[in-house]
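Colleague: predicted model, plus sequence, below.
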Amino acid sequence: MQVIQYKPIGVIHTPFHDTKNMPIQPASAIGIQGTVDVAQEYNDGLKDIEGFSHIFLIYHFHLSKGYSLTVKPFLDDHVRGVFSTRAPKRPNQIGISVVRLDRIEGSTLFVFNVDMVDGTPLLDIKPFVPDFDSRTDIRIGWLTGKVEEVAFKKSDSRFGSVKE
């Protein structure tokens, strides 16, 4: 199988210095501010992004060690397949969050609704476009009846220890 390597394009900074009691999704991080420092060599790639209110941050779960194909997600008491969850203990520790873009100063993006640990390596940025990204014919599987809990749930140590 082919090996794929990514080089971070920047670093995400948040108020969360370890994984304990963090929001588990951007929906439970409303109003929490962070910054995204994009490496200078990628600064030209930020052209025109200020016109978007929301962006996808694609990042590496750098504190996640190893993976498990079955996990007990924060919003459930049952073991689920990792690909039916957003758990960080994945074969490729890639995370994705939609955040609100407040402003840009140089190569620093000021964002809201951050749900990642301070120092998270940034892999990519993409604009959120409702006409491209929203759907109406949706099923949410085992999360049916549980999504309302996201605002009240915080992370714990089930996917690894806190940052050392």
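Modeller: Okay, I see it.
Colleague: report how many residues lie close to the closest residue to residue 69 other than its chain neighbours.
Modeller: With CB to CB, 6 or more residues apart in numbering as the criterion, residue 69 has its nearest non-adjacent residue at 5.5 Å, and that residue is residue 82. Quick note: C-beta positions are derived from backbone N, CA and C, even for glycine. The number of residues packed near residue 82 is 18, by other CB atoms under 10 Å.
Colleague: ok, now residue 57?
Modeller: 26.
Colleague: any idea of the pLDDT on it?
Modeller: Note for residue 57: predicted pLDDT of 98.
Colleague: parallel or antiparallel, list what pairs with the one helix or strand it maps to.
Modeller: Using DSSP states H and E, residue 57 maps to strand 54-60. Strand pairing for strand 54-60, determined by DSSP bridges: strand 94-105 (antiparallel), strand 120-127 (antiparallel).
Colleague: dump these to a markdown table, plus mean pLDDT.
Modeller: Formatted as a markdown table, the strands paired with strand 54-60 follow (pLDDT from 0 to 100):
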| stretch | mean pLDDT |
| --- | --- |
| strand 94-105 | 96 |
| strand 120-127 | 98 |
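Colleague: out of the ones you listed, which is the most enclosed?
Modeller: Highest mean neighbour count among the strands paired with strand 54-60 (mean count of other CB atoms under 10 Å): strand 120-127, with a mean of 18.
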